[in-house]
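Engineer: sequence and predicted structure, then a few things I'm wondering about:
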Amino acid sequence: MEAPDRGRWQRPARVVRALGLRRGQTACEIGAGSGYFALRLARAVGPRGRVFAVEAEPRILEVLGRRVQRARARNVTPVLALDDDPLLPAACCDLALLVNTYHHFADGPAYLRKLARALRPGGRIVTVDFHRKRTPVGPPVEHRVSRDAFLADARRAGLVPVAELDLLPYQYFVVLQPRRRRAPA
């Protein structure tokens, strides 16, 4: 999670810039681990913004909590989630970020649907994950979810891709939004 070489291939500053967060917004990181992105998101949204750092593993959440305290990141709220539910309030986030996490969900489309409920109108879900091929870093290839499989799951969850960026050497970067419902005639 905090490997010294991670910054070289994960390019966190570029990723956070590409998210286009504004001061005062609310973001969440799903699978926050030790807070690698959560603390960066906290700086991006500023002291009047909020970050929910969502993690399903209690021991890792304890580490995250200690890092948040050491960093004096008062705008970060650690959230102990379930494996199949982020446990976020409805319409609380402008952006939900999943980095290197999607392959952990037993039912990806169901998780994405729950996550979409946490979005405010106009909110986005951004997934950054490993291509399903051998790379120098990342989980075993058999644990990875290909970009195409992820996009198929997103469609099943009622989400549509609105942007895709090519800024990482080993990973795809996809921006999703809930499909707009047509108003009744």
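Structural biologist: Nice, thanks for sending it over.
Engineer: who are the contact partners of the closest residue in space to Cys28 that isn't next to it in sequence?
Structural biologist: Leaving aside its sequence neighbours, Cys28 sits nearest to Phe52 (Cβ to Cβ, 6 or more residues apart in numbering; 3.9 Å). Heads up, the C-betas are built off the backbone N, CA and C, glycines and all. Contacts for Phe52 (Cβ atoms under 8 Å, 6 or more residues apart in numbering) come out as 26-29, 77, 79, 88, 92-93.
Engineer: in the sheet, who's paired with Phe52?
Structural biologist: Beta bridges link Phe52 to Cys28, Thr77 when assigned by DSSP bridges.
Engineer: how about the strands of this structure, start to end?
Structural biologist: Counting by DSSP state E, the chain has strands at residues 26-30, 50-55, 76-80, 93-99, 119-130, 159-165, 171-178.
Engineer: contacts made by the last one with the rest, please.
Structural biologist: So that's strand 171-178. 15, 18, 100, 112, 116, 119, 122-131, 138, 147, 150-151, 154, 158-167.
Engineer: show me just the buried residues among these.
Structural biologist: 15, 18, 100, 112, 116, 119, 123-131, 138, 147, 150-151, 154, 159 (16 or more other Cβ atoms under 10 Å).
Engineer: go through the lengthiest helix in the chain and flag the buried ones.
Structural biologist: Longest helix in the chain by number of residues, with DSSP state H as the criterion: helix 58-70. Neighbour counts over helix 58-70 (16+ other Cβ under 10 Å) mark 60-61, 63-65, 67-68 as buried.
Engineer: what separation do you get for Asn75 and Ala116?
Structural biologist: Relative to Ala116, Asn75 is positioned 23 Å away (Cβ to Cβ, to the nearest Å).
Engineer: now the strands of the chain in CSV, with mean pLDDT?
Structural biologist: Formatted as CSV, the strands of the chain follow (pLDDT from 0 to 100):
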stretch, mean pLDDT
strand 26-30, 98
strand 50-55, 98
strand 76-80, 97
strand 93-99, 97
strand 119-130, 97
strand 159-165, 97
strand 171-178, 97
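Engineer: now Trp61. Nearest residue, chain neighbours left out?
Structural biologist: Let me fix one detail, which is that residue 61 is Leu and not Trp. Closest to Leu61 by Cβ to Cβ, 6+ apart is Glu55, at 4.5 Å.
Engineer: wait, the one you found sits on Leu80?
Structural biologist: Yes. In this structure, Glu55 is within contact of Leu80 by Cβ atoms under 8 Å, at 6.8 Å.
Engineer: mutual contacts of the two, please.
Structural biologist: Joint contacts of Glu55 and Leu80 (Cβ under 8 Å, 6+ apart) are Leu61.
Engineer: more neighbours, the two?
Structural biologist: More crowded of Glu55 and Leu80, by other Cβ atoms under 10 Å: Glu55, with 26 against 14.
Engineer: pull the contacting residues for the more buried one.
Structural biologist: 31-33, 61, 64, 78-81.
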